[in-house]
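# Let's see this in three dimensions:
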Amino acid sequence: MTDFSNLSALQITEDATAEFVFFGINGEPTLSVRPATQENKPFFNAVLTKNKQAQRKAKGRRAVAPTATTLAEARTADIELFVAYIVTGWINVVDAKGKAVKFSKEVCKQFLEAIPGDMFDELRMFCLDIANFRTEMDPEELEELSGN
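Just a heads-up that it's a prediction; the model follows:
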């Protein structure tokens, strides 16, 4: 049997986090985030549960094209999931008066609701890219893993 145990170093750990910087916001607020993928089991289970509920609700109804309202509802649902399972902390977040804001789930929700939709979409895409959560390896480690 061939041994591929060398690839286990590429696995994402359950407690993996990464830093996401909002470069387009003064002060560059930085959020500590977890992956929005199956590697984040509580998040993934919540998404599966929401999808199952939506399927039950939609059973027997015709599919409808997305509207501005349904897209806004989806973003609101995603913000709730991100507050509960993705964002774990932050630095450089300030209020309208420039005062530093201490992280809490409640204030995080307010922050994510206040930023423009496209900025939340950037955060979402970052958290969906599992490569952002892989431990940095130097080129020699990668060479060794690849077997070259």
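# what packs against the helix ranked longest in the chain?
Counting residues, the longest helix in the chain under DSSP state H turns out to be helix 41-58. Contacts defined by 3 or more CB pairs under 8 Å, 6 or more residues apart in numbering; DSSP states H and E place helix 41-58 against helix 68-81. (Glycine included, C-beta is placed from N, CA and C.)
# and the helix it packs on with helix 41-58, angle?
When axes from the mean of the first three to the mean of the last three CA atoms, to 10 degrees is applied, the directions of helix 68-81 and helix 41-58 differ by 150 degrees.
# In the very next helix or strand once past helix 68-81, which residues are buried?
Sequence-wise, the next helix or strand downstream of helix 68-81 (DSSP states H and E) is strand 87-91. By 16 or more other CB atoms under 10 Å, the buried positions in strand 87-91 come out as 87, 90.
# What is the next helix or strand after strand 87-91 packed up against?
Downstream of strand 87-91, the first helix or strand assigned by DSSP H and E is helix 105-114. Using 3+ CB pairs under 8 Å, 6+ apart, the elements in contact with helix 105-114 are helix 68-81, strand 87-91.
# and helix 105-114, C-alpha only, in PDB?
C-alpha atoms of helix 105-114 as PDB (Å, rounded to 0.1, in the frame of the first residue of the first chain):
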ATOM      1  CA  LYS A 105     -21.100  39.100  18.900                       C
ATOM      2  CA  GLU A 106     -23.700  41.900  19.100                       C
ATOM      3  CA  VAL A 107     -21.400  44.600  18.000                       C
ATOM      4  CA  CYS A 108     -19.900  42.400  15.300                       C
ATOM      5  CA  LYS A 109     -23.400  41.900  13.800                       C
ATOM      6  CA  GLN A 110     -23.900  45.700  13.800                       C
ATOM      7  CA  PHE A 111     -20.500  46.200  12.100                       C
ATOM      8  CA  LEU A 112     -21.200  43.500   9.400                       C
ATOM      9  CA  GLU A 113     -24.600  45.000   8.700                       C
ATOM     10  CA  ALA A 114     -23.100  48.500   8.400                       C
END
